[in-house]
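Participant: here is the input, now give the coordinates:
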Amino acid sequence: MNNKLLATLLASVTFLAVTSPTTQAATATGNFNVTVSLTSVCTMAAIGDLAFGTYTAFQAGAQTATPTTATLTCTRGLSGVTANFDTAAPGSTAAAAATNAVGAGVVAGLQYNVTATPGATVAGTAATAAAIGTADSRPYSITGTMPGLQAGTAATGVQTQVRTLTVNY
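Facilitator: The predicted structure follows:
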């Protein structure tokens, strides 16, 4: 009887194994969009002074200023960046050109000309899954000349006129 019981039990287990559904690993996938609306910007570091040094009234030659640099940090790949000088300072003028910003002004009764010339853009790095990207760097060299043979206006100490370089993008 033990053999009969064992045979019945074995047949039942075999039947259950054959007729029971097997468990299988499965996956399901779905796609989604990652979106962003980027506002491109440029920021400008502080600009050093455009210093003409000492001008002697009625000097024969033009006085050249020590150049300074305006460095912009911009969204990578930004195009159409232009620059111009303000016209708010007394006696100042400005004109935006395709490449250079040009302007003129008067400080201590002395007329001067300024130019901001863009240098080569240094491309930033692209973002990756492992690292954030970096901005493009756009330097502008600001130079100035002061014509000779000017009388100027009597004053003591260093005379200053504030000018503004505006970058449009």
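
Participant: how about the helices in the chain?
Facilitator: 2-19 (DSSP state H).

Participant: what about the longest strand in this protein?
Facilitator: Of all the segments of type strand in the chain, defined by DSSP state E, the longest one is strand 136-146.

Participant: what's that strand packed up against?
Facilitator: strand 63-64, strand 68-74, strand 110-118, strand 165-168 (3 or more Cβ pairs under 8 Å, 6 or more residues apart in numbering; DSSP states H and E). Glycine gets a C-beta too; all of them are placed from N, C-alpha and C.

Participant: now it: average pLDDT?
Facilitator: For strand 136-146, the mean per-residue pLDDT is 97.

Participant: same check, this time on stretch 43-57
Facilitator: For stretch 43-57, the mean per-residue pLDDT is 96.

Participant: leaving out sequence neighbours, find the closest residue to the residue sitting nearest the centre point of the chain.
Facilitator: A centroid search over the chain (Cα atoms, centre = their mean) returns Cys74, at 1.3 Å, as the residue closest to the centre. Closest residue to Cys74 apart from its sequence neighbours, by Cβ to Cβ, 6 or more residues apart in numbering: Cys42 at 4.0 Å.
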